[in-house]
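**Student:** quick one, what's the 3D model for this:
(one chain, ligands or ions: 1)
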Amino acid sequence: METKTISASLEGGAGYSVSIGSGLEKELKEIANREGKKSRIVVITDRSVEKLFGEQIVSTLEAPGKPVELYSFSEGERNKNQKTVTTLQHELLNGRYGRDTLIFAVGGGIVGDVAGFVAATYMRGVPYVNVPTTLLAMVDSSIGGKVGIDTKYGKNTIGSFCLPRAVIIDIQYLAKMPREQIINGLIEAVKTFITSDKDALPLVEKLNLDEPLKTPEILQEIIFRSVSYKVGVTGRDVREGNERMALNFGHTIGHAIELLSGYRLPHGFAVGYGILAEAKISESLGILSASDCAECFRHLARLGIVPEDFPSYSPEKILEATLGDKKTRGGVPRYILLETIGKVHQKDGQFAHPVPDEVVRKALKKCAEKQ
Ligand SMILES: NC(=O)c1ccc[n+]([C@@H]2O[C@H](COP(=O)([O-])OP(=O)(O)OC[C@H]3O[C@@H](n4cnc5c(N)ncnc54)[C@H](O)[C@@H]3O)[C@@H](O)[C@H]2O)c1
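**Tutor:** As a prediction, this is how the structure comes out:
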């Protein structure tokens with residue numbers, strides 16, 4: 001497989017490269033040599049990824065006379081918090097790591113968010129390289145430099161914008177990934193395609209969900225198209241002033257459901273139900289046609305996200321949980337609305353919109369009904 005490379009460039013000249021391929025040890029070594037020439041390299045990961053790939057990564061990054069240390073934390077959204085960040089920061093301080101530290105964040109979206117936040121804050125900021133190992137992190141979270149942690153008030157409520165030096169996406173990491181985790185990541189890709197690249201949707205149908213490496217070109221193309229779109233949007237609006245919020249389709253309700261589940265529902269699945277709800281809201285407001293709304297539901301149903309399983313929290317509880325969303329302004333939550341498959345709604349140049357509570361309540365009830 002030929003490696004595909006995308007250059008993410010931002011206003012002001014900042015940028016990073018994203019490589020997508022199979023068996024990218026050579027690229028990892030090159031980055032370690034180039035970016036880490038005068039640095040001490042550390043790997044931050046979670047315990048499961050450490051067991052799967054820890055030794056392999058450390059030996060790839062190590063060079064004669066340049067040992068690489070690995071620090072890991074317990075996996076899971078419940079550990080994406082201040083305590084984990086503080087522990088890692090203290091471990092680095094205890095190891096006498098200075099400003100010349102280069103962090104490799106190796107893992108899923110949680111590792112990227114946590115290790116990226118450590119990089120953003122350690123010694124007022126040190127560089128990091130993202131090495132995503134879940135499909136969700138490959139198609140979405142490793143791109144764009146949003147890093148952070150959760151609090152009891154909501155998801156990702158403390159964090160920063162901190163761009164990686166490079167992103168290395170090696171599909172080989174997905175060889176043993178369970179189907180549920182593949183679907184979890186695919187839902188974020190479907191969200192991107194529903195909002196901005198409808199021609200990519202047939203790719204999702206062709207992917208082998210049980211063994212995605214049996215359809216490697218399709219897998220690479222799904223990642224490439226998701227990353228290409230995200231690189232473009234985040235390059236134009238890195239600090240999420242407006243357009244970047246379009247990536248948040250399904251997330252106002254999705255994050256609320258994730259929070260209410262005590263983070264037991266994986267992020268992608270919560271977003272999947274959020275997409276159902278926000279498609280229904282768009283339809284109720286007369287912005288999305290009934291047929292396009294039904295098409296949205298069909299794309300999610302193929303991944304097992306169906307109205308019958310819509311989480312049974314009351315609309316009131318969901319509405320209350322949306323208040324912690326980062327798109328909220330003046331205490332009013334806002335939503336990304338869909339206009340057609342492949343296009344989000346804009347009004348007066350704005351991508352996020354307030355929606356009356358009554359419309360949200362009715363849409364939540366409707367989207368939990370059998371279609
Ligand atoms: N920063 C962003 O822009 C952004 C965007 C979307 C989502 N996110 C965040 O990403 C997080 C979800 O990420 P996720 O779904 O990758 O979850 P995750 O990081 O928890 O990974 C899921 C599980 O898979 C394991 N795992 C990782 N790689 C594996 C592999 N190759 N094979 C087998 N198991 C593996 C992990 O140890 C973990 O137990 C959420 O916290 C979400 O908020 C961030």
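**Student:** and Val147, helix, strand or coil?
**Tutor:** Three-state call for Val147 (DSSP: H, G, I helix; E, B strand; the rest coil): strand.
**Student:** that one against Ala120, yeah?
**Tutor:** Yes - the criterion here is CB atoms under 8 Å, and Val147 meets it with Ala120 at 5.6 Å. Heads up, the C-betas are built off the backbone N, CA and C, glycines and all.
**Student:** more neighbours: the two, which one.
**Tutor:** Neighbour tally, Val147 and Ala120, criterion other CB atoms under 10 Å: the higher count belongs to Val147, 26 against 19.
**Student:** burial count for the closest residue to the ligand within the stretch 201-350 of the chain?
**Tutor:** At 4.1 Å from the ligand, His267 is the closest residue in the stretch 201-350 of the chain, using CB to the nearest ligand atom. If you count neighbours by other CB under 10 Å, His267 ends up with 24.
**Student:** tell me how far the residue nearest to it when sequence neighbours are not counted lies from Ile183.
**Tutor:** Excluding its sequence neighbours, the residue lying closest to His267 (CB to CB, 6 or more residues apart in numbering) is Glu258, at 6.1 Å. Spatial separation of Glu258 from Ile183 under the definition CB to CB, to the nearest Å is 16 Å.
**Student:** report how many residues lie close to the nearest residue to Gly15 once chain neighbours are set aside.
**Tutor:** With sequence-adjacent residues excluded and distances taken as CB to CB, 6+ apart, Gly15 is closest to Ser9, at 4.0 Å. Neighbour count of Ser9, defined by other CB under 10 Å: 12.
**Student:** next, Arg40: phi, psi?
**Tutor:** phi -100, psi 130 (degrees, to the nearest 10).
**Student:** give me the residues contacting stretch 278-289.
**Tutor:** 249-250, 252-253, 290, 292-293, 296-297, 335-340, 345, 355, 359-360, 362-364, 366-367 (CB atoms under 8 Å, 6 or more residues apart in numbering).
**Student:** buried ones in that stretch?
**Tutor:** For stretch 278-289, a neighbour-count test (16 or more other CB atoms under 10 Å) marks 278-285, 287-288 as buried.
**Student:** now swap in stretch 82-90 and tell me
**Tutor:** Buried residues in stretch 82-90 (16+ other CB under 10 Å): 84-85, 88-89.
**Student:** so which of those residues is the closest to Arg244?
**Tutor:** When the buried residues of stretch 82-90 are ranked by distance to Arg244 (CB to CB), Val85 comes first, at 23.6 Å.
**Student:** which SS class is that closest one?
**Tutor:** Assigned with three-state DSSP, Val85 falls in the helix class.
**Student:** that one against Val147, yeah?
**Tutor:** No - with contact defined as CB under 8 Å, Val85 does not reach Val147; the gap is 10.0 Å.
**Student:** overlap in contacts of these two?
**Tutor:** Contacts common to Val85 and Val147, judged by CB under 8 Å, 6+ apart, are 114, 117.
**Student:** looking at Glu258 and Ile183, which one has more neighbours?
**Tutor:** Glu258 (27 against 21).
**Student:** run through the residues that contact the more buried one.
**Tutor:** By CB under 8 Å, 6+ apart, the neighbours of Glu258 are 77, 155, 265, 267, 270.
**Student:** also Thr157?
**Tutor:** With contact taken as CB under 8 Å, 6+ apart, Thr157 is in contact with 148-151, 324, 326.
**Student:** looking at the residues you listed, which has the most residues close by?
**Tutor:** Asp150 (24 neighbours).
**Student:** what is whichever strand or helix holds Glu30 packed up against?
**Tutor:** Using DSSP states H and E, Glu30 maps to helix 25-35. Where contact means 3 or more CB pairs under 8 Å, 6 or more residues apart in numbering; DSSP states H and E, helix 25-35 is packed against helix 55-61, strand 101-107, strand 128-132, strand 166-170.
**Student:** got the angle for the second one vs strand 166-170?
**Tutor:** So the one you mean is strand 101-107. 30 degrees (axes from the mean of the first three to the mean of the last three CA atoms, to 10 degrees).
**Student:** what domains does the record give for the protein?
**Tutor:** Using automatic domain parsing, the domain parsing of the chain gives 4-176+212-234, 240-367.
**Student:** which of these sits closest to Glu188?
**Tutor:** domain 4-176+212-234 (4.2 Å).
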